[in-house]
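Engineer: sequence first, then the predicted structure, then my questions.
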Amino acid sequence: MLAWKEYKILPSLTIAQAILESYYGFSWLSVNGNNYFGIKADNGWTGNYVSMPTREFDRNGIDFVLTEKFRKYSSLHESIVDHSKFLQKPRYANIIGVTDYMTASKNIQQDGYATDPNYTKLLQAKITQHNLTQYDVQAGAIASSK
(Lines give C-alpha, C1' and ligand atoms only; values in the text may rest on other atoms or scores of the structure.)
Protein backbone atom coordinates (compact mmCIF):
# COMPACT_ATOMS: atom_id res chain seq x y z
CA MET A 1 0.00 0.00 0.00
CA LEU A 2 2.95 2.32 0.74
CA ALA A 3 4.04 1.93 -2.87
CA TRP A 4 0.75 3.44 -4.07
CA LYS A 5 0.06 6.01 -1.36
CA GLU A 6 3.52 7.60 -1.44
CA TYR A 7 4.96 6.68 -4.83
CA LYS A 8 1.97 5.82 -7.07
CA ILE A 9 3.34 2.37 -7.93
CA LEU A 10 0.52 -0.15 -8.36
CA PRO A 11 0.55 -2.62 -5.42
CA SER A 12 -0.20 -5.59 -7.67
CA LEU A 13 2.90 -4.79 -9.72
CA THR A 14 5.09 -4.42 -6.63
CA ILE A 15 3.88 -7.69 -5.13
CA ALA A 16 4.15 -9.59 -8.43
CA GLN A 17 7.71 -8.36 -8.88
CA ALA A 18 8.61 -9.41 -5.34
CA ILE A 19 7.13 -12.87 -5.92
CA LEU A 20 8.85 -13.29 -9.27
CA GLU A 21 12.23 -11.77 -8.43
CA SER A 22 12.57 -13.46 -5.02
CA TYR A 23 10.93 -16.81 -5.81
CA TYR A 24 8.35 -16.17 -3.10
CA GLY A 25 11.06 -14.98 -0.71
CA PHE A 26 13.20 -18.10 -0.99
CA SER A 27 15.86 -16.95 -3.48
CA TRP A 28 19.46 -16.70 -2.35
CA LEU A 29 19.33 -12.93 -2.90
CA SER A 30 16.22 -12.40 -0.81
CA VAL A 31 17.43 -14.65 2.01
CA ASN A 32 21.00 -13.31 2.10
CA GLY A 33 20.46 -9.73 0.98
CA ASN A 34 16.81 -8.92 1.74
CA ASN A 35 16.66 -7.92 -1.93
CA TYR A 36 13.20 -8.98 -3.12
CA PHE A 37 13.27 -7.10 -6.43
CA GLY A 38 16.59 -8.08 -8.00
CA ILE A 39 17.87 -4.49 -7.97
CA LYS A 40 21.51 -4.32 -8.97
CA ALA A 41 24.09 -2.19 -7.19
CA ASP A 42 25.16 0.18 -9.95
CA ASN A 43 27.97 2.72 -9.63
CA GLY A 44 25.64 5.17 -7.85
CA TRP A 45 24.82 2.71 -5.06
CA THR A 46 26.69 3.52 -1.84
CA GLY A 47 25.16 0.84 0.39
CA ASN A 48 26.06 -2.77 1.01
CA TYR A 49 25.91 -5.33 -1.76
CA VAL A 50 26.31 -9.00 -2.54
CA SER A 51 27.75 -10.53 -5.70
CA MET A 52 26.13 -13.48 -7.38
CA PRO A 53 25.53 -15.05 -10.79
CA THR A 54 22.48 -13.81 -12.68
CA ARG A 55 20.73 -14.98 -15.81
CA GLU A 56 20.32 -12.26 -18.43
CA PHE A 57 19.03 -12.16 -22.00
CA ASP A 58 20.53 -10.37 -24.98
CA ARG A 59 18.50 -8.49 -27.61
CA ASN A 60 17.90 -11.72 -29.51
CA GLY A 61 16.47 -13.49 -26.47
CA ILE A 62 19.57 -15.63 -25.96
CA ASP A 63 20.28 -16.18 -22.27
CA PHE A 64 23.67 -16.05 -20.60
CA VAL A 65 25.01 -15.93 -17.04
CA LEU A 66 27.27 -13.32 -15.50
CA THR A 67 28.20 -12.26 -11.99
CA GLU A 68 26.75 -8.93 -10.84
CA LYS A 69 26.56 -6.87 -7.68
CA PHE A 70 23.11 -6.58 -6.10
CA ARG A 71 21.92 -4.19 -3.43
CA LYS A 72 21.81 -5.61 0.08
CA TYR A 73 19.21 -4.37 2.57
CA SER A 74 18.76 -4.75 6.31
CA SER A 75 15.06 -5.68 5.99
CA LEU A 76 12.20 -6.50 3.66
CA HIS A 77 10.72 -3.06 4.40
CA GLU A 78 13.95 -1.34 3.30
CA SER A 79 13.85 -3.38 0.08
CA ILE A 80 10.26 -2.33 -0.65
CA VAL A 81 10.93 1.35 0.02
CA ASP A 82 14.06 1.33 -2.14
CA HIS A 83 12.16 -0.43 -4.94
CA SER A 84 9.53 2.32 -4.91
CA LYS A 85 12.22 5.02 -4.92
CA PHE A 86 14.14 3.18 -7.66
CA LEU A 87 11.04 3.30 -9.87
CA GLN A 88 10.93 7.10 -9.57
CA LYS A 89 13.75 7.32 -12.13
CA PRO A 90 12.69 9.09 -15.32
CA ARG A 91 12.98 5.87 -17.33
CA TYR A 92 10.02 4.44 -15.35
CA ALA A 93 7.81 7.56 -15.54
CA ASN A 94 5.23 5.65 -17.60
CA ILE A 95 4.32 3.38 -14.68
CA ILE A 96 3.78 6.12 -12.09
CA GLY A 97 0.08 6.50 -11.38
CA VAL A 98 -0.91 3.77 -13.85
CA THR A 99 -3.95 1.93 -12.50
CA ASP A 100 -4.10 -0.94 -15.01
CA TYR A 101 -1.78 -3.82 -14.15
CA MET A 102 -1.61 -4.98 -17.78
CA THR A 103 -0.25 -1.59 -18.84
CA ALA A 104 2.06 -1.23 -15.84
CA SER A 105 3.59 -4.68 -16.35
CA LYS A 106 4.05 -4.06 -20.08
CA ASN A 107 5.64 -0.67 -19.48
CA ILE A 108 8.10 -1.84 -16.83
CA GLN A 109 9.33 -4.51 -19.25
CA GLN A 110 9.67 -1.97 -22.07
CA ASP A 111 11.55 0.38 -19.74
CA GLY A 112 14.23 -2.28 -19.25
CA TYR A 113 13.63 -3.40 -15.68
CA ALA A 114 14.36 -7.00 -16.66
CA THR A 115 15.95 -8.58 -19.71
CA ASP A 116 13.72 -11.69 -19.75
CA PRO A 117 11.58 -11.39 -22.90
CA ASN A 118 8.71 -13.07 -21.00
CA TYR A 119 8.82 -10.69 -18.01
CA THR A 120 5.48 -9.02 -18.80
CA LYS A 121 3.68 -12.34 -19.15
CA LEU A 122 5.28 -13.68 -15.98
CA LEU A 123 4.20 -10.62 -13.97
CA GLN A 124 0.67 -10.73 -15.34
CA ALA A 125 0.41 -14.44 -14.54
CA LYS A 126 1.42 -13.84 -10.91
CA ILE A 127 -1.10 -10.99 -10.62
CA THR A 128 -3.99 -13.09 -11.90
CA GLN A 129 -2.89 -16.32 -10.15
CA HIS A 130 -2.84 -14.61 -6.75
CA ASN A 131 -5.64 -12.06 -7.35
CA LEU A 132 -3.20 -9.26 -6.56
CA THR A 133 -5.52 -6.55 -7.90
CA GLN A 134 -7.36 -6.87 -4.57
CA TYR A 135 -4.47 -4.85 -3.11
CA ASP A 136 -4.92 -2.19 -5.79
CA VAL A 137 -8.52 -1.85 -4.58
CA GLN A 138 -7.47 -1.74 -0.92
CA ALA A 139 -4.92 0.99 -1.67
CA GLY A 140 -7.51 3.04 -3.53
CA ALA A 141 -5.72 2.75 -6.86
CA ILE A 142 -8.74 1.15 -8.56
CA ALA A 143 -12.41 0.83 -7.75
CA SER A 144 -13.90 -2.43 -6.59
CA SER A 145 -15.68 -4.42 -9.29
CA LYS A 146 -18.28 -5.65 -6.78
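Structural biologist: The structure has been received and is ready for your questions. Residues are numbered from 1 along each chain as shown.

Engineer: go ahead and flag the most central residue of the chain.
Structural biologist: Among the residues of the chain, Gln17 comes closest to the average C-alpha position under C-alpha atoms, centre = their mean, at 3.7 Å.

Engineer: next one: it relative to Phe37, how far apart?
Structural biologist: 6 Å (C-beta to C-beta, to the nearest Å). For every residue, glycine as well, the C-beta is placed using N, CA and C.

Engineer: picking up where we left off before, just confirm the residue nearest to the centre of the chain is within a strand.
Structural biologist: No - using DSSP: H, G, I helix; E, B strand; the rest coil, the assignment for Gln17 is helix, not a strand.

Engineer: pLDDT score assigned to it?
Structural biologist: You'll see Gln17 listed with a pLDDT of 98.

Engineer: about what we covered before: any common contacting residues for Gln17 and Phe37?
Structural biologist: Each of His83 lies in contact with both Gln17 and Phe37 under the rule C-beta atoms under 8 Å, 6 or more residues apart in numbering.

Engineer: which secondary element of the chain has the worst mean pLDDT?
Structural biologist: Within the chain, no helix or strand scores below helix 2-7, which has a mean of 88 by mean pLDDT, DSSP states H and E.
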